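Asker: pasting the sequence and the predicted model now:
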Amino acid sequence: MLGSAPCISMLIPQHVPTPEELLVFDRVLRGETKLTQEARTLGINYETLKTRFRAWRKRSGLETRRPVNNSKPAPNIPKPAANIRKPAPNIAPETTRTGEEITITDKGDTGDLVCRSFEIKTLDDLLNSGKVDLSMWEVDRYVLNSWEVGVNNDGQIVKRTLYQVKAWLKRNRSAQAARAVIESLLEDLRTSAPLYPRIVYPAVIDPHMLEIFIPDLHLGKFCWWMETGNDYDIGIAKERFMESVKRLLTYSASFPIEKILLPLGNDFFNVDNGRNETTAGTRQDVDSRWQKSFIEGTRLLRDAIDLCCATAPVDVVMIPGNHDRERVFYAGEVLSAFYSRCTNVSIDNRPPTRKYVRYGANLIGFTHGDKEKTQMLPMLMAQEAAQDWAQTRFREWHRGHLHHEKAQEFTGVTVHTFRSLSPSDAWHFESGYDALRSAEGIVWHCQNGPVARFKHTPEVVR
């Protein structure tokens with residue numbers, strides 16, 4: 001007895017959409033194109049393409065619908081590090097890159113970013129992917145869309161959420177004007193910088209280097225002794241800083257010093273903007289106007305450098321902190337311009353937050369200490385300063401941030417955390433955070449490592 005005839009549809013193999021067809025189906029679902037137009041582009045009969053589209057929708061369980069528009073006002077966004085990328089000169093302004101399908105258009109005073117991606121889901125993701133410099137651009141408005149699409153995964157159609165993020169930008173003209181003014185002032189400062197006479201220092205037989213490390217001065221912080229047990233303002237901070245430099249130079253005077261290493265920054269300033277906030281936006285108790293603190297701060301740094309320069313050549317390393325990341329960079333640019341005609345002073349104002357200094361058989365790493373975990377620092381040094389690591393025996397990390405003293409020894413590296421000259425403000429006092437205050441000087445022998453450490457502890461001011 002013959003069985004029933006098999007269903008014809010079971011004998012016909014199901015068509016698996018090609019990647020090009022999947023992209024077309026996705027665009028049709030979103031209403032960006034029509035099958036009739038895409039059939040001609042793909043060179044496929046319209047009825048065939050329509051049949052494949054319907055079959056794909058049915059197998060995927062998808063329905064044509066409009067994307068959900070989640071339009072929101074532009075938020076306050078942290079600043080990434082690079083400017084908006086412009087289209088290459090030989091590419092039309094509206095250019096789409098496959099893969100993430102991100103479109104970046106620079107129209108002069110305005111700019112647009114559009115991205116369709118499975119990974120880029122938020123405005124921050126879009127701005128970071130487009131490397132938008134938010135010191136030069138502002139987000140005028142943005143839109144987030146999402147919908148489900150079918151994706152060919154090894155012959156199987158699976159659902160995935162596709163995201164579309166659009167942002168409309170406008171140039172920050174005030175920031176551009178301010179940057180132009182700053183660059184002009186720096187150029188004028190370089191051309192009119194004082195011409196320091198070249199100092200001929202005495203010959204050194206057994207060379208040593210003096211490092212003066214004074215992190216977390218927090219210039220501009222305000223403390224009232226009735227509230228916190230200590231007075232602290234911009235005048236007290238300046239006095240403590242210069243007194244510490246003088247004392248540490250005196251303590252080390254018996255050593256033959258051929259060079260002075262002066263790491264600066266590390267929360268040298270207490271705030272980073274005119275709203276009296278840290279880099280992350282935390283409000284602070286301040287003593288003075290932000291303009292005054294910056295002017296007084298750069299003068300204080302110059303006074304310290306000039307004082308050290310009378311003893312030996314000075315290498316300055318600028319280390320950004322979590323309170324003053326931008327302001328320390330600006331101060332470093334001012335110092336670079338001011339000492340551009342001085343052969344006895346060098347300024348390292350490079351952007352990295354971790355920097356390394358090698359002196360003979362010694363390797364010293366500097367970081368503020370608010371980002372990296374302590375256990376990461378030894379391997380970071382070995383990776384980022386591999387050649388110097390291989391040629392040195394004495395290796396240390398020097399950091400601040402915590403305002404208390406601590407030394408942790410790892411294989412090949414010791415991580416030192418240093419105290420601050422700054423007392424606790426009201427919030428830290430109420431939270432129970434307090435520690436002794438001091439500045440420290442380390443004398444490094446060229447081949448025998450650190451041979452002496454000096455501390456200066458300031459008097460309590462009430």
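Answerer: All right, it came through fine.
Asker: give me the neighbour count for Gly108.
Answerer: A count of neighbours around Gly108, defined by other Cβ atoms under 10 Å, yields 6. C-beta: built from backbone N, CA, C; applies to glycine.
Asker: which of the three states applies to Ala452?
Answerer: strand (DSSP: H, G, I helix; E, B strand; the rest coil).
Asker: contacts only, for the residue nearest to it when sequence neighbours are not counted.
Answerer: Distances taken as Cβ to Cβ, 6 or more residues apart in numbering place Val443 nearest to Ala452, at 4.1 Å, with adjacent residues excluded. Applying Cβ atoms under 8 Å, 6 or more residues apart in numbering to Val443 gives the contacts His208, Met209, Leu210, Glu211, Ser252, Phe255, Ile257, Pro450, Val451, Ala452, Arg453, Phe454.
Asker: just the pLDDT at Val443, thanks.
Answerer: Here, the pLDDT recorded for Val443 equals 98.
Asker: can you tell me the helix or strand for it?
Answerer: Secondary structure assigned from DSSP states H and E places Val443 in strand 439-445.
Asker: what of Val139?
Answerer: strand 137-153.
Asker: next secondary structure after that strand?
Answerer: That would be, after strand 137-153 and using DSSP H and E, strand 156-171.
Asker: and that next one, what's buried?
Answerer: Buried residues in strand 156-171, counting neighbours by 16 or more other Cβ atoms under 10 Å, are found at Ile157, Leu162, Tyr163, Gln164, Val165, Lys166, Ala167, Trp168, Leu169, Arg171.
Asker: quick one, domains of this protein?
Answerer: 14-60, 67-173, 202-456 (automatic domain parsing).
Asker: coming back round to it: in TSV: the buried residues of strand 156-171, plus distance to Lys58 and pLDDT.
Answerer: Shown next, in TSV, are those (distance: Cβ to Cβ, whole Å; pLDDT from 0 to 100):
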residue	distance to Lys58	pLDDT
Ile157	10	80
Leu162	19	85
Tyr163	25	87
Gln164	25	87
Val165	30	89
Lys166	31	89
Ala167	36	89
Trp168	38	88
Leu169	41	88
Arg171	49	81
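Asker: tell me the SS of the closest residue to Trp290 other than its chain neighbours?
Answerer: Counting by Cβ to Cβ, 6+ apart, Trp290 lies nearest to Gly274, which is 4.9 Å off, once chain neighbours are set aside. Assigned state for Gly274: coil (three-state reduction, three-state DSSP).
Asker: check for me that Gly297 belongs to a helix.
Answerer: Yes - counting by three-state DSSP, Gly297 is found in a helix.
Asker: show me what contacts Arg302?
Answerer: Leu335, Phe338.
Asker: and it, its phi and psi?
Answerer: Taking degrees, to the nearest 10, you get phi -60, psi -40 for the backbone angles of Arg302.
Asker: likewise Phe429?
Answerer: Taking degrees, to the nearest 10, you get phi -60, psi -50 for the backbone angles of Phe429.
Asker: the one 3 residues further on too?
Answerer: When read as degrees, to the nearest 10, the backbone of Gly432 gives phi 90, psi 10.
Asker: for it, grab the count of nearby residues.
Answerer: Gly432 has 7 neighbouring residues, counting by other Cβ under 10 Å.
Asker: tell me the contacts of it?
Answerer: So Gly432 contacts nothing (Cβ under 8 Å, 6+ apart).
Asker: all good on my end, thank you.
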